[in-house]
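> one predicted model, sequence on top.
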Amino acid sequence: MADNLTAHGTVRATAVTVSFPSTEPELLPSGCWLGGGMFVQSQDHVFNFVDYGFYMMLVLDASGRMFVDLGLHQTEEATVPIQTAMSSLVYAYTWQITGVDRSTPVTLLQSWDSNGSVDYSISVSGQVENLISVNVVGTLNCQNIIPEFYHGNVIIDPFPLSRIANYFQFGVISSQAIADNYWQVDLKEPKMLSQTGWTLVDRAWSLEGDHSYLDYSLMWGGAEYPGADAQYYQHPLQNPYEIIFSWDDHTLASGTVLWDVPSTNNTAATPIGSESQSLTVLAQHFLPPITTVLGLAVLLPFLSTKRRRTKNLAQIDRSALRSQT
């Protein structure tokens, strides 16, 4: 879907807005959680086989509690016959969010600063809550990271294998397949911050978890999400930058074009919102790794650069996660 699958580039920040309309958490399986968010790659300027997978999600559990979950994995691509693909969790944090209805849109934002730290924040109804700033460059074994996010894609294996690494993905994820029609995850207005300002993603297509490669070897989802379908632009949504995932016994096929609009949508330096302490953010704490399973992603066809090892999310230990696009 990209005009050039070998194009590449970097951005300073990414954002996506998530909500759970028409969702009844009390009907979720016990102990289950459902999430939506973004999954973005950074690279290493010393080792070509080392990459970094950043995730940031809004998560809803079966008790109706809502969380922001974020973290970073360092990955290593397979180098046959010497090394198998692997990943390690660098950090993971979670915050419980109260006082916000699950149908209310929450914008997730992650941004590199000039000192090699990633700043995380959320925005609800124009009010911004800063969550944490993590000094990634100063973290053990991350000193060689390129302090930017990659976007776009690159062909790893040509047809008929057609394996593509996708650097900026967003989508839905859950701890297990939720096979019933009482949940929805709405993702809209994925955007990136470049030198010229915030730009909405102008092309996006679907990607199942078993094709959600973030580098040469590893993927975010790891498995198809059976029965996960979606509403998207002109099917029947009118917002060209929105997708609503749900379950209806029909699986959205990988490669479905979700939108393809002219790239004239630069929003300049549009602010995410203004700072406010009116949101209630509870109990920041380190989240132990959780192994996740299925995923459905939305692909942002933009740039790419080197491929990296991406292990399927079913194999990547991470805090609450489900795959993206």
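Structure's in. What do you need? Numbering: from 1, shown residues only.

> now the stretch 101-250 of the chain, which segments are flagged as low pLDDT?
For the stretch 101-250 of the chain, applying pLDDT under 70 flags the ranges 155-162, 209-222.

> for it, which segments count as strands?
Assigned by DSSP state E, counting those that start in this stretch, the stretch 101-250 of the chain shows strands spanning 106-112, 117-124, 127-135, 149-151, 153-157, 163-166, 168-174, 184-194, 197-200, 203-208, 228-233, 236-237, 242-247.

> switch the ones you listed over to CSV; also include distance to Gly35.
Where you see a C-beta, it was placed from the backbone N, CA and C, and this is true even at glycine. CSV is the format used below for those (distance: least, C-beta to C-beta, whole Å):
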stretch, distance to Gly35
strand 106-112, 11
strand 117-124, 14
strand 127-135, 16
strand 149-151, 20
strand 153-157, 23
strand 163-166, 19
strand 168-174, 5
strand 184-194, 8
strand 197-200, 22
strand 203-208, 16
strand 228-233, 13
strand 236-237, 21
strand 242-247, 11
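
> so of those strands, which one's packed in deepest?
Sort the strands of the stretch 101-250 of the chain by mean neighbour count, taking mean count of other C-beta atoms under 10 Å, and strand 168-174 sits at the top with a mean of 32.

> which strands or helices does that one pack on?
In terms of contacts (3 or more C-beta pairs under 8 Å, 6 or more residues apart in numbering; DSSP states H and E), strand 168-174 is packed against strand 33-43, strand 149-151, strand 184-194, strand 295-299.

> let me have these in JSON lines, extended by distance to Val11.
As requested, the helices and strands packed on strand 168-174 are exported to JSON lines (distance: least, C-beta to C-beta, whole Å):
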{"stretch": "strand 33-43", "distance to Val11": "9"}
{"stretch": "strand 149-151", "distance to Val11": "5"}
{"stretch": "strand 184-194", "distance to Val11": "4"}
{"stretch": "strand 295-299", "distance to Val11": "16"}
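
> out of those, which is closest to Ile97?
Nearest to Ile97, of all the helices and strands packed on strand 168-174, is strand 33-43, at 12.8 Å by C-beta to C-beta.

> mind listing what's buried in that closest one?
Neighbour-count burial for strand 33-43, counted by 16 or more other C-beta atoms under 10 Å, picks out 33-43.

> give me the mean pLDDT for it.
Averaging pLDDT along strand 33-43 yields 92.

> quick one: name whatever helix or strand follows that strand.
strand 50-61 (DSSP states H and E).

> partner strands of that following strand, with direction?
strand 33-43 (antiparallel), strand 66-76 (antiparallel) (DSSP bridges).

> ok, which of those comes nearest Phe170?
Of all these, strand 33-43 comes closest under C-beta to C-beta, at 4.4 Å.

> any idea how far the closest one is from the middle of the chain?
2 Å (C-alpha atoms, centre = their mean, to the nearest Å).

> run the angle between it and strand 184-194 for me.
Following axes from the mean of the first three to the mean of the last three C-alpha atoms, to 10 degrees, one obtains 20 degrees for the angle between strand 33-43 and strand 184-194.

> so what's the nearest residue to Gly227 once chain neighbours are set aside up against?
Nearest residue to Gly227, sequence neighbours excluded (C-beta to C-beta, 6 or more residues apart in numbering): Trp247, at 4.8 Å. Neighbouring residues of Trp247 by C-beta atoms under 8 Å, 6 or more residues apart in numbering: 178-181, 183, 227-229.

> measure the closest residue to His45 other than its chain neighbours to Ser206 for me?
Spatial nearest neighbour of His45, chain neighbours left out: Ile146 (5.1 Å); criterion: C-beta to C-beta, 6+ apart. Distance of Ile146 to Ser206, computed by C-beta to C-beta, to the nearest Å: 28 Å.

> who does the residue most central in space within the chain form a beta bridge with?
In the chain, the residue lying closest to the centroid (C-alpha atoms, centre = their mean) is Met38, at 1.7 Å. Judged by DSSP bridges, the bridge partners of Met38 are Met56, Phe170.

> hang on, it packs against Met56?
Yes - the criterion here is C-beta atoms under 8 Å, and Met38 meets it with Met56 at 5.8 Å.

> need the residues touching each of the two.
Joint contacts of Met38 and Met56 (C-beta under 8 Å, 6+ apart) are 108, 110.

> drop anything exposed from the contacts of Trp247.
The buried subset of those (16+ other C-beta under 10 Å) comprises 178, 183, 227-229.
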